[in-house]
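Novice: sequence plus predicted model, see below.
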Amino acid sequence: MKLNRLITLALSFFALLLPVSGIASELSQECQADFNGRKVRFVVAKEAGGGIDQYTRLIANIFADTTGARTQISNIVGGGGFLGLQAVATAGDENLTIGLFDAESLNQPFGNHSGLDLEDFYTLGIVMVEIEAWVGLVDFDLTQHGTARLIAAVSDPFLGVRRLGLAAHTMGIPLSAVGGYSGSSDAMAAILRGEVDVAAYALTSVLRAARGGMLKPVLLLSDGPVAEFADVPYLAGEGGIVDLFTQQWEPHKRIEAMRLARATAEISKSIRTLVISRNISQRSHRCIEEIIDNILFGDELAQAAAAVNRPITPINAQESSAILQRSHATAMEYRSLLSALLTEIMQ
């Protein structure tokens, strides 16, 4: 930071109250004053230690350093993430609460017992957009699998039906799911024990598990090849596995399968999104959006995430909201099929 800017900050009353950082200097004085010493809770609907938890802790730490706020992390596990959503949705100005969720938890097309949807939240920004991948043993070859039934490990039935059930449906492969796995590590351990054939998680998690040499990504839920993984089959698009598996299908069925494969790739992406309740005031919303935007695009988060091998692809609030709306519209288009598959694969 340049010397003259440091001098300016030093003469500012609000800057004297806050830790001097690159992000804090970009915040309006109004927001600095509002959040210095204020308590802000961050909710994670996952157990401590996973990817979303790590991202949240990085952001909460920078939020505190930036504003002088007193931040805390609450891991609220249960109900497939809905308990965490409720904690965020019901909080107002007196107990400001920010949540980081996979977009799929926010836009369930067939409802959930929390009764919440995108309209209950302000979207603050996206931290990470990442394709999902199926993971299996190193000798598993989906291109040679044929039509034998697959057994999949599922941590969350709602996510599993998109990432596993719908993808299998497009390929004409019957699939049954086994639920109750607490997360990616638990599900991948089940693959190693021979209890299940595959699971589906964010590509970063799959690659981390593959370092042990016994697991590998066996299918990328992408619409086209991914240059860095040319040897891994991909789901949709020309040359994809659905294209390969449906070459002998009737033309109209093949066209629909290809279209569905593209939709599956769209709605199965891991989109880690920051949200806050619409119960808060316009002033709080404006300031939190400003703070989060500075954090997402600041050097501090990029460096902190790189230090723990967590990639980020920050997107601002307006664009994030549009992305979530498009994903929701696609999921709603296939609502009946998703509902039927949810019942079918979890029997």
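Specialist: Great, that's in hand. Numbers count the residues shown, from 1 in each chain.
Novice: which residue ranges form the helices in the stretch 201-347 of the chain?
Specialist: Secondary structure of the stretch 201-347 of the chain by DSSP state H, counting those that start in this stretch: the helices cover 203-210, 241-245, 251-267, 282-296, 299-307, 317-333, 335-345.
Novice: tell me the pLDDT at the nearest residue to Val135 once chain neighbours are set aside?
Specialist: Spatial nearest neighbour of Val135, excluding adjacent residues (CB to CB, 6 or more residues apart in numbering): Val206 at 4.5 Å. Every C-beta, even on glycine, is put in place using the N, C-alpha and C of the backbone. Predicted confidence (pLDDT) for Val206: 93.
Novice: next one: Val206 from Ala187, what distance?
Specialist: Counting by CB to CB, to the nearest Å, the separation of Val206 from Ala187 is 11 Å.
Novice: please report the distance of the residue nearest to Val135 from Ile191.
Specialist: 11 Å.
Novice: just to revisit the earlier point, quick one, which of the helices of the stretch 201-347 of the chain is nearest to Val40?
Specialist: Closest approach to Val40 among those is made by helix 282-296 (8.2 Å; CB to CB).
Novice: how far out from the middle of the chain is the closest one?
Specialist: Between the centre of helix 282-296 and the centre of its chain there are 20 Å (CA atoms, centre = their mean, to the nearest Å).
Novice: tilt between that helix and helix 299-307?
Specialist: For helix 282-296 against helix 299-307, the angle by axes from the mean of the first three to the mean of the last three CA atoms, to 10 degrees is 50 degrees.
Novice: any stretches of the stretch 51-200 of the chain with poor pLDDT?
Specialist: 80, 108-115 (pLDDT under 70).
Novice: hang on, the earlier thing: let's have the helices of the stretch 201-347 of the chain in a markdown table, adding mean neighbour count.
Specialist: Output for the helices of the stretch 201-347 of the chain, formatted as a markdown table (neighbours: other CB atoms under 10 Å):
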| stretch | mean neighbour count |
| --- | --- |
| helix 203-210 | 20 |
| helix 241-245 | 20 |
| helix 251-267 | 18 |
| helix 282-296 | 20 |
| helix 299-307 | 15 |
| helix 317-333 | 17 |
| helix 335-345 | 16 |
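Novice: which of those helices sits closest to Gly92?
Specialist: Judging the helices of the stretch 201-347 of the chain by CB to CB, what sits closest to Gly92 is helix 282-296, at 8.8 Å.
Novice: coming back round to it: these two touch, right, the residue nearest to Val135 and Pro217?
Specialist: Yes - the criterion here is CB atoms under 8 Å, and Val206 meets it with Pro217 at 4.9 Å.
Novice: shared neighbours of the two, anything?
Specialist: With contacts taken as CB atoms under 8 Å, 6 or more residues apart in numbering, Val206 and Pro217 have Ala133, Trp134, Val135 as neighbours in common.
Novice: for the last one, give me its contacts.
Specialist: What that stands for is Val135. Val135 neighbours (CB under 8 Å, 6+ apart): 188, 191, 198-201, 206, 209-210, 215-218.
Novice: now, which of those sits nearest Leu338?
Specialist: Ala200 (14.9 Å).
Novice: then whichever strand or helix holds the closest one to PDB, C-alphas only?
Specialist: Following DSSP states H and E, one finds Ala200 within strand 199-202. Taking Å, rounded to 0.1, in the frame of the first residue of the first chain, the C-alpha atoms of strand 199-202 are listed here in PDB:
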ATOM      1  CA  ALA A 199     -19.800 -42.100  -5.500                       C
ATOM      2  CA  ALA A 200     -19.900 -38.500  -6.900                       C
ATOM      3  CA  TYR A 201     -18.200 -35.500  -5.400                       C
ATOM      4  CA  ALA A 202     -16.500 -32.200  -6.400                       C
END
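Novice: other SSEs contacting that strand?
Specialist: The contact analysis (3 or more CB pairs under 8 Å, 6 or more residues apart in numbering; DSSP states H and E) places strand 199-202 against strand 132-137, strand 150-153, helix 184-192.
Novice: for Glu266, which of the ones you listed is the nearest?
Specialist: Smallest distance to Glu266 across these (CB to CB): 11.2 Å, for strand 132-137.
Novice: now the angle between helix 251-267 and that closest one, please.
Specialist: Angle of strand 132-137 versus helix 251-267, following the same axes, to 10 degrees, is 100 degrees.
Novice: in its sheet, what does strand 132-137 sit against?
Specialist: Paired neighbours of strand 132-137 in the sheet (DSSP bridges): strand 199-202 (antiparallel), strand 215-223 (antiparallel).
Novice: buried ones in that strand?
Specialist: Glu132, Ala133, Trp134, Val135, Gly136 (16 or more other CB atoms under 10 Å).
Novice: take the helices of the stretch 201-347 of the chain and write them to TSV, including distance to Tyr234.
Specialist: Shown next, in TSV, are the helices of the stretch 201-347 of the chain (distance: least, CB to CB, whole Å):
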stretch	distance to Tyr234
helix 203-210	11
helix 241-245	7
helix 251-267	8
helix 282-296	28
helix 299-307	26
helix 317-333	18
helix 335-345	21
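Novice: nearest to Thr123, of those helices?
Specialist: Of those, nearest to Thr123 by CB to CB is helix 317-333, at 4.2 Å.
Novice: check the offset of that closest one from the chain's centre.
Specialist: Worked out by CA atoms, centre = their mean, helix 317-333 lies 13 Å from the chain centre.
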